[in-house]
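*Asks:* please work out how this folds:
(one chain, ligands or ions: 1)
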Amino acid sequence: MRIDVVSIFPDYLSALDLSLIGKARASGLLRFDVHDLRDFTTDRHRTVDDTPYGGGAGMVMKAEPWAQALTAVLDAGDTAAAEAAPPVLVIPSPAGEVFRQATAHELAAADHLVFACGRYEGIDERVAEWAEERFTVRPMSIGDYVLNGGEVATLAMVEAIVRLIPGVIGNPGSLTEESHADGLLEYPMYTKPASWRGRDVPEVLLSGDHGRIARWRREQQLARTADRRPDLLPPAGP
Ligand code: 6GU
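*Replies:* Predicted structure coming up:
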């Protein structure tokens, strides 16, 4: 897989050089490049934003630097592959569709992902329209709160996606057992010692009875999901 990120704060993305993503890159499963949007401006001040038409607070990112940057990313890509399936352009935005584990699986199947990190009040809407002719455009939110820009959301989405690329996670079993894998939250986990500061590990986990353990874990998943995330449970029957 190939991932490109365009941002006015490319250093924000350096956290992805660590651990998981670093390993995926080193093993050749991932090519990851970050581009500075200001490198695609043409004025002396390297201007990327301007005041909004219609008035209102804040600044809007200008369209032309984005078109230049995204064109450069496309030109550096595999043109034959892009012909078959256009690259996916993820536009992080609190006004996007919510990014879920199912979205991570969908995007992990793409050959080429491009993240357009906006700052200020967003990017001139015509960039998304222009990009529709060249990419599959996916405006994406990571939840119902507001961040200052798309960089932190991109870090979260890239980590969620890259760990699903086959070969990136050493033990693929850990992918099927984790929270959200089956639409429920994960059951509680314990390790040695069996008794710690007066708190004992649930007896069933020491029983060696795999059927009982599986039933107990399922009950815990359902109870925890009902308590913390009732929105994830199917509606109760009649
Ligand atoms: Cl993707 N971007 C910004 N700026 N804020 C957000 C978000 C994204 N997702 C939730 N809040």
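*Asks:* can you map out the helices along the protein?
*Replies:* 19-26, 63-75, 79-84, 101-108, 126-132, 151-162, 173-177, 210-228 (DSSP state H).
*Asks:* deepest-packed of those helices, please.
*Replies:* Comparing the helices of the chain by mean neighbour count (mean count of other CB atoms under 10 Å), helix 151-162 comes out on top with a mean of 21. Quick note: C-beta positions are derived from backbone N, CA and C, even for glycine.
*Asks:* list the helices and strands that one packs on?
*Replies:* strand 2-7, helix 19-26, strand 88-98, helix 101-108, strand 112-116, strand 136-141 (3 or more CB pairs under 8 Å, 6 or more residues apart in numbering; DSSP states H and E).
*Asks:* out of the helices of the chain, the one nearest the ligand is which?
*Replies:* Nearest to the ligand among the helices of the chain is helix 151-162; the distance by CB to the nearest ligand atom comes to 3.2 Å.
*Asks:* residues touching the most centrally placed residue in the chain, list them.
*Replies:* Geometric centre of the chain, nearest residue: M157, 0.9 Å, by CA atoms, centre = their mean. For M157, the contact set (CB atoms under 8 Å, 6 or more residues apart in numbering) comprises 90, 92, 99, 104, 107, 115, 140, 142.
*Asks:* among those residues, who's most crowded?
*Replies:* Among the contacts of M157, the one with the most neighbours (other CB atoms under 10 Å) is V90, at 30 neighbours.
*Asks:* any idea how far G237 is from that residue?
*Replies:* 38 Å (CB to CB, to the nearest Å).
*Asks:* who's in contact with T103?
*Replies:* 97, 140.
*Asks:* closest one to T41 out of the contacts of M157, please.
*Replies:* F115 (19.2 Å; CB to CB).
*Asks:* quick one: contacts for that closest one?
*Replies:* 3-7, 90, 92, 150, 154, 157-158.
*Asks:* rerun that using 7 Å as the cut-off
*Replies:* 5, 90, 92, 150, 154 (CB atoms under 7 Å, 6 or more residues apart in numbering).
*Asks:* close to the ligand: what parts of the chain are there?
*Replies:* Neighbours of the ligand within the chain, by CB under 6 Å from any ligand atom: 92-94, 96, 140-143, 145-147, 149-150, 153.
*Asks:* kind regards, and thank you for your time.
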